[in-house]
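Student: Pasting a predicted model and its sequence here:
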Amino acid sequence: LTGAWRDLPSFLVIGTQRGGTSSLYKYLGRHPQIAPSLRKETRYFNHNYHLDESWYRAHFPLRLRKKLAKMRGSDFLPFEASPDYLLDPRVPARVASMLPAAQFIVLLRNPVARALSKWRHNSGLGREDLEFSAAIDAEPERISGESEKMVANPSYSSMPFFLFSYLEGGKYAQQLARWFDYFDPDRFLI
């Protein structure tokens, strides 16, 4: 109900999955002039895009806090961190539409270490029953056509793509190129 009175984020942490976004979210959230979203990974621009803007705004502080900070001569910057945003091909256009002035922090990790960490994470949660090498071998079949389906159908959310993109998730140049189609590279701290 209070979404209309809440601010949108000034910047996004779009890092990579298993790349340190949770730690950065916590560290930045301790700064008195920075306000994290009420929960990490709102995933609005990919998994929750079917919800309205008020739902998204409800995750951020009231605009009054920014006005009070400005009266005191300081900034107040709301932000969110959703690492899936870097991987999802639909997200850059959606962000550009709603947050054209946004800036970005991108956390990257050695792609091999990230893939192994993601596999361990999935295995530990019971989402992956294949050994690491078998999961890597199975990835092309598991995610085949999923990216295209997401682009063709904006409401389609591909769990196989997000769960099993061990190698695909490490193709940072491709992922960043999609963002640079919509935003100047100077807006990114990588």
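Tutor: Nice, I can see it.
Student: Any idea how many residues pack against Pro9?
Tutor: When neighbours are defined as other C-beta atoms under 10 Å, Pro9 has 25 of them. For the C-beta atoms, the positions are set from N, CA and C on the backbone; glycine is no exception.
Student: mind checking how far it is from Gly126?
Tutor: Counting by C-beta to C-beta, to the nearest Å, the separation of Pro9 from Gly126 is 33 Å.
Student: Ok, Ser23 next?
Tutor: Distance of Ser23 to Gly126, given as C-beta to C-beta: 24 Å.
Student: who's more crowded, those two?
Tutor: Ser23 (11 against 7).
Student: so the more buried one is in which element?
Tutor: Assigning secondary structure by DSSP states H and E places Ser23 in helix 21-29.
Student: buried set for that helix?
Tutor: Residues of helix 21-29 classed as buried by neighbour count (16 or more other C-beta atoms under 10 Å): Thr21, Leu24, Tyr25, Leu28.
Student: could you give the mean pLDDT of that helix?
Tutor: If you average the pLDDT over helix 21-29, you get 92.
Student: what helices or strands is that helix leaning on?
Tutor: Secondary-structure packing of helix 21-29 (3 or more C-beta pairs under 8 Å, 6 or more residues apart in numbering; DSSP states H and E): strand 11-13, strand 34-36, strand 77-81.
Student: how about those, which one is nearest Ala93?
Tutor: Closest approach to Ala93 among the helices and strands packed on helix 21-29 is made by strand 11-13 (14.1 Å; C-beta to C-beta).
Student: Quick check: closest non-adjacent residue to the spatially most central residue of the chain.
Tutor: Against the mean C-alpha coordinate of the chain, by C-alpha atoms, centre = their mean, the closest residue is Ser82 at 2.7 Å. Distances taken as C-beta to C-beta, 6 or more residues apart in numbering put Glu41 closest to Ser82, at 4.7 Å, once the chain neighbours are dropped.
Student: Shouldn't the one you found be within a strand?
Tutor: No. Going by DSSP: H, G, I helix; E, B strand; the rest coil, the assignment for Glu41 is coil, not a strand.
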